[in-house]
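>>> this one's structure only:
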């Protein structure tokens, strides 16, 4: 299995204004004791990992209430820099004639925050409580009404399908350079190869219409249907919110078999647990424009959810994904960097152009194999 499947943060620290408390074990546990995040304006939640990550997924026990906006920061090598993350609320239609919001995730329920590398491209490691790692820190400097308690925090690693070291080894560069991985001093740099890996992952996801990492859908619209509906993405595993437009706002519904709706993970279907009338004009069986009880509004159902398989547990396809990602990233190294000239040396008698073609063919065939089996 690939070695990049860990979804748990290596380090989670809580700072109360004067001292640190290690919350790593609590953050990793799904059923363990919840811990408080940011009880006052001096508190800081630190999320850290040995490798870069671009998403954090929060499972909340007690819903928090903070004066917006929360403060998100990263370390750039010389100091802490505030940045605006890609947020769960960005560009969602609020129903007020075209006004959009850019509110960051505020711990008001289970949710996601995204840390795009294009925004924090100079992200560097720093020591927090004697632990050197890549850190994101979150605080509530504008006020705390209710402190959130957290059950679990997970990450999406930037190197989800393969690592820069595995690309380095595939290109047989260790004997030439005397190192075991790309670094800040190599050409290309480690950060550049991380970008190549990110592109390879996106290409695999796009072409196969599947994913082996955590993904977030913030604003998917559907028509209402009393018989349920199928989500657009495969392998949905958690609904964060389902809301129905009532003519003036989205009314958030309650999830559960004995509540309003539930998810069938095997099929990606949302089923409504009971019949209920929409707060719009109901259309019955004798109405010429019958739409299965959907009311008068088009696409009134809004869904936010998480989807994607775990590359570490998908025994059937994960190794294919792993090998394809390595080769796609290696192709970019060979095509775009002088480093590529060093990839043919010593006992390696395969010409560079032939190696490029070989990797491209193998990656293309692998993607076609992954596309071959789909569940509709």
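Thanks, I have it. All of these numbers come straight from a predicted model, not from anything done at the bench.

>>> ok, now which ones touch residue 270?
Neighbour list for residue 270: 222, 228-231, 239, 242, 261-264, 303 [criterion: C-beta atoms under 8 Å, 6 or more residues apart in numbering]. All C-beta spots, glycine's among them, are computed from the backbone N, C-alpha and C.

>>> By pLDDT, rank the residues you listed and give me the bottom one.
In terms of pLDDT, residue 228 ranks lowest among the contacts of residue 270, with 89.

>>> out of the contacts of residue 270, which are inside strands?
Among the contacts of residue 270, the members found in strands (DSSP state E) are 222, 229-230, 239, 242, 261-264, 303.

>>> now the residues you listed: which count as buried?
Using 16 or more other C-beta atoms under 10 Å as the burial test, the ones in strands among the contacts of residue 270 include 222, 229, 239, 242, 261-263, 303 as buried.

>>> Adding distance to residue 28 as columns, could you present these in a markdown table?
Listed next are those as a markdown table, based on distance: C-beta to C-beta, whole Å:
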| residue | distance to residue 28 |
| --- | --- |
| 222 | 34 |
| 229 | 34 |
| 239 | 23 |
| 242 | 28 |
| 261 | 29 |
| 262 | 27 |
| 263 | 24 |
| 303 | 28 |
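
>>> Return the two entries of those residues that lie farthest from one another.
Across those, the longest distance by C-beta to C-beta is 15.4 Å; it joins 222 and 262.

>>> give me the low-pLDDT residue ranges for the stretch 251-376 of the chain?
Residues of the stretch 251-376 of the chain meeting the criterion pLDDT under 70: 276-296, 338-352, 372-376.

>>> Over to the stretch 101-250 of the chain?
Using pLDDT under 70, the flagged stretches of the stretch 101-250 of the chain are 101-103, 175-177.

>>> can you pull out the helices in it?
164-170, 174-177, 190-208 (DSSP state H, counting those that start in this stretch).

>>> which secondary structure element contains residue 354?
Assessed by DSSP states H and E, residue 354 sits inside helix 352-371.

>>> Tell me the one among the ones in strands among the contacts of residue 270 nearest to residue 42.
Residue 42 has its nearest neighbour among these in residue 239, at 34.8 Å by C-beta to C-beta.

>>> From start to finish, how long is stretch 253-260 in a straight line?
Terminal residues of stretch 253-260 lie 6 Å apart, using C-alpha to C-alpha, to the nearest Å.

>>> Identify each buried residue in that stretch, please.
Buried residues in stretch 253-260, counted by 16+ other C-beta under 10 Å: 253, 255, 260.

>>> now the strands: where do they sit in the stretch 101-250 of the chain?
According to DSSP state E, counting those that start in this stretch, the stretch 101-250 of the chain carries its strands in the segments 111-114, 126-128, 131-139, 144-146, 148-157, 215-222, 229-230, 236-245, 250-252.

>>> coming back round to it: for the helices of the stretch 101-250 of the chain, state which one has the densest average packing.
Stretch with highest mean neighbour count among these: helix 164-170 (a mean of 21; mean count of other C-beta atoms under 10 Å).

>>> helices and strands around it, which ones?
If you count contacts as 3 or more C-beta pairs under 8 Å, 6 or more residues apart in numbering; DSSP states H and E, helix 164-170 packs onto helix 190-208, helix 318-336.

>>> buried ones in stretch 314-321?
By 16+ other C-beta under 10 Å, the buried positions in stretch 314-321 come out as 314, 317-318, 320-321.

>>> follow-up on the earlier one: TSV for the helices of the stretch 101-250 of the chain, including distance to residue 48?
Converted to TSV, the helices of the stretch 101-250 of the chain look like this (distance: least, C-beta to C-beta, whole Å):
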stretch	distance to residue 48
helix 164-170	19
helix 174-177	29
helix 190-208	17
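
>>> For residue 108, find the nearest of those.
helix 190-208 (28.9 Å).

>>> contact partners of that closest one?
52, 117, 121, 158-164, 167-168, 181-184, 188, 211-213, 215, 321, 324-325, 328-329, 332-333, 337, 367, 370-371.

>>> Derive a ChimeraX selection command for the buried subset of the residues you listed.
The command below creates a ChimeraX selection of those among the contacts of helix 190-208 that count as buried (16+ other C-beta under 10 Å):
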select :52,117,158,159,160,161,162,163,164,167,168,181,182,188,211,212,213,215,321,324,325,328,329,332,333,337,367,370
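
>>> Between its first and last residues, how far does stretch 307-319 reach?
Taking C-alpha to C-alpha, stretch 307-319 runs 20 Å from one end to the other.

>>> ugh, wrong one, I meant stretch 224-238
Taking C-alpha to C-alpha, the first and last residues of stretch 224-238 lie 20 Å apart.

>>> cool, and stretch 184-191?
Stretch 184-191 has an end-to-end distance of 7 Å (C-alpha to C-alpha).

>>> just stretch 149-164 next, same as before
36 Å.

>>> Just checking the distance from that stretch to the centre of its chain.
8 Å (C-alpha atoms, centre = their mean, to the nearest Å).

>>> quick one on the thing from earlier: among the helices and strands packed on helix 164-170, which comes closest to residue 86?
Nearest to residue 86, of these and by C-beta to C-beta, is helix 190-208 at 14.0 Å.

>>> That closest one versus helix 352-371: what angle between them?
Angle between the axes of helix 190-208 and helix 352-371 is 40 degrees (criterion: axes from the mean of the first three to the mean of the last three C-alpha atoms, to 10 degrees).

>>> returning to that earlier point: go through the buried ones among the ones in strands among the contacts of residue 270 and name the one nearest residue 58.
Proximity of those to residue 58 was ranked by C-beta to C-beta; the top entry is residue 239 with 15.0 Å.

>>> Surely that closest one touches residue 301?
No: taking C-beta atoms under 8 Å as the definition, residue 239 is not a contact partner of residue 301, at 11.5 Å.
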